[in-house]
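Peer 1: what shape does this take:
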Amino acid sequence: MRDVRINTIEMHTGGEPLRIITSGYPEIKGNSILEKRRFVRDNLDNLRQLLMFEPRGHYDMYGALLVEPCHPEADLGVLFLHNEGYSTMCGHAVIALGRYAVDQGIVKAVEPTTTVKIECPCGLVIANVDVKDGQSGAVSFLSVPAFAFSTDQNIDVPGYGTVKYDIGYGGAFYGLVSAKQLGLDVHESSTRDLVQAADKISTAIKENIKLSHPESNDLAFLYGTILTDGKDTFSNCASANICVFADKQVDRSPTGSGVTARIAVQMAKSQISKGQTRQFESVTKSLFEATAEEVFNYGPHQAVRVRVKGKAHYTGESVFTLEQDDRIGKGFLLK
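Peer 2: Model (predicted):
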């Protein structure tokens, strides 16, 4: 006998998986998207573990739970799931969800560009989906207000000494560090070594730096650390990075909210100008484009809205079940 039945659409953006949960969850309560995020975290976390963990998922699985939006302009709402909990923003997921919304008829397809408004925990994100001959294609999105929280700061990191870092917000907070000062190379070093360094930096920042966000304390936490190739000044060449977030989870894409945070910091340090488009490369060699389109004041910060562009692909559909006597099937991770 099966007491759980959950339907999903499977996609990836630049190699980063996305499991879109379309049905099977109980009612999700809350009068705001952040209240819904808290409700799912506090009451339905067993379903996150069932879908993200083995034997149905893996250590680096990522999910998007579709919910009724609370924002009056939104076409759909979404909560983001990963190996540790629930994110506030996910660019690779927004890119995939843009295609999904058009292909499923949630938003009527309009050529050459269809606008999809997605309510994320960080706010309303506007996606533009390329449509040609009725087929969806590449997707760009305009970020929530992004800003540099701090720049050119130093922190002691066990095993690495004094490390210079920035903190940027692109819907989630990230530490930004050039891998070279750690004796590492984002192209050549092993993923294991890069993950270890990024995780230790994240731990040091969390233990020593108090973050704040102009709108909500629910957004004021460090999501991860992005190690870069140090090529932050504007160039026509792609800048490579690896994003390590949540519990040592590695993003296969360039990280939509991450490159948003990088652009915000580069703007704050006058390394890039409004309207200049940069490419960012991931560990899979996939590329996102990012452009600062607006500059404005946001609380105590000079903020930017960043447009990020990429392409998502479908990989399948799934129906997941759980038998009542399957203890192991409730989800586990091997570290």
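
Peer 1: past the helix or strand encompassing Ala240, which element shows up next along the chain?
Peer 2: Following DSSP states H and E, one finds Ala240 within strand 239-245. Sequence order places strand 249-250 as the next helix or strand after strand 239-245, per DSSP H and E.

Peer 1: what is the strand holding Ala240 packed up against?
Peer 2: Using 3 or more CB pairs under 8 Å, 6 or more residues apart in numbering; DSSP states H and E, the elements in contact with strand 239-245 are helix 191-208, strand 222-228, strand 249-250, helix 256-268, strand 277-281. All C-beta atoms are positioned from the backbone trio N, CA, C, and that covers glycine.

Peer 1: what's the average pLDDT for the first one?
Peer 2: The average pLDDT for helix 191-208 rounds to 98.

Peer 1: can you give the contact residues for it?
Peer 2: 155-160, 163, 165, 167, 175, 177, 179, 182, 184, 186, 221-222, 224-227, 242, 244, 248, 250, 283 (CB atoms under 8 Å, 6 or more residues apart in numbering).

Peer 1: how far off centre is that helix?
Peer 2: On the basis of CA atoms, centre = their mean, to the nearest Å, helix 191-208 sits 18 Å off its chain's mean C-alpha point.

Peer 1: contacts for the strand holding Ala240, please.
Peer 2: With CB under 8 Å, 6+ apart, strand 239-245 has contacts from 82, 87, 172, 174, 179, 186-187, 191, 194-195, 198-199, 202, 223-229, 231-232, 250-251, 254-255, 258-259, 262, 278-283.

Peer 1: let me see the domain layout of this protein.
Peer 2: The chain breaks down by the TED database into domains covering 4-140+314-322, 146-299.

Peer 1: figure out which of the ones you listed is closest to Ile328.
Peer 2: With distances scored as CB to CB, the stretch of the domains of the chain nearest to Ile328 is domain 4-140+314-322 (7.5 Å).

Peer 1: how many neighbours does the nearest residue to Lys330 once chain neighbours are set aside have?
Peer 2: Of all residues not flanking Lys330 in the chain, Leu50 sits nearest, at 6.0 Å (CB to CB, 6 or more residues apart in numbering). Leu50 is flanked by 20 other residues according to other CB atoms under 10 Å.

Peer 1: who touches Leu50 in this structure?
Peer 2: By CB under 8 Å, 6+ apart, Leu50 lies in contact with 4, 6, 56, 320, 322, 329-331.

Peer 1: ok, Val78 to Asp45 distance?
Peer 2: According to CB to CB, to the nearest Å, Val78 stands 17 Å off from Asp45.
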